[in-house]
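Colleague: can't give you the sequence, but here's the structure:
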């Protein structure tokens, strides 16, 4: 796997592994779309590691998926690698979504974006530009 795929798969492992493939693809779309958006870094790893954009990067726990070594973690890691590679090869499922959050939180920025839809326990947003 190339570096972009590893960064994307890692983000999916921590942000969406419990969401199923549709949820993983939606989160991956947010990340890939941010790469193309002028307000974000221009690489997948830059987007994923942007300060406080993804909760797993600043929760005090290991950001290495291989540290989590249960049977289910191993299956999840294999699946997120497949999804990451597919999205990077084929493009995002929705080219407009750039934000998301879990349904159990209401971030201050949510009213600034248009709701695009909901997949699993995440609400997705798009910008007008």
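Modeller: The structure has been received and is ready for your questions. Remember, it's a predicted structure, so these values are computed and weren't measured experimentally. Numbers count the residues shown, from 1 in each chain.
Colleague: where does the prediction get shaky in this protein?
Modeller: Residue ranges of the chain with pLDDT under 70: 128-129.
Colleague: for it, what spans make up the strands?
Modeller: Taking DSSP state E to define them, one finds strands in the chain at 97-102, 114-119, 122-126.
Colleague: any chance of those in a markdown table, with mean neighbour count too?
Modeller: No exception for glycine: its C-beta is placed from N, CA and C like everyone else's. A markdown table is the format used below for the strands of the chain (neighbours: other CB atoms under 10 Å):
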| stretch | mean neighbour count |
| --- | --- |
| strand 97-102 | 20 |
| strand 114-119 | 15 |
| strand 122-126 | 20 |
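Colleague: touching the biggest helix by length in the chain from outside, list them.
Modeller: The longest helix of the chain (DSSP state H) is helix 71-90. Contacts with helix 71-90, where a contact means CB atoms under 8 Å, 6 or more residues apart in numbering, come from 1, 4-6, 8-10, 12-13, 16-17, 21, 24-25, 28-29, 32, 44, 65-66, 93.
Colleague: can you check stretch 115-123 too?
Modeller: Contacts for stretch 115-123 (CB under 8 Å, 6+ apart): 16, 18-20, 22-23, 26-27, 94, 96-97, 100-104, 110, 124-126.
Colleague: find the centremost residue of the chain, please.
Modeller: residue 27 (3.6 Å; CA atoms, centre = their mean).
Colleague: residues contacting the residue nearest to that one when sequence neighbours are not counted?
Modeller: Excluding its sequence neighbours, the residue lying closest to residue 27 (CB to CB, 6 or more residues apart in numbering) is residue 16, at 4.2 Å. The contact partners of residue 16, by CB under 8 Å, 6+ apart, come to 23, 24, 26, 27, 28, 80, 120, 122.
Colleague: swap the cut-off to 7 Å and go again
Modeller: The contact partners of residue 16, taken as CB atoms under 7 Å, 6 or more residues apart in numbering, are 23, 24, 27.
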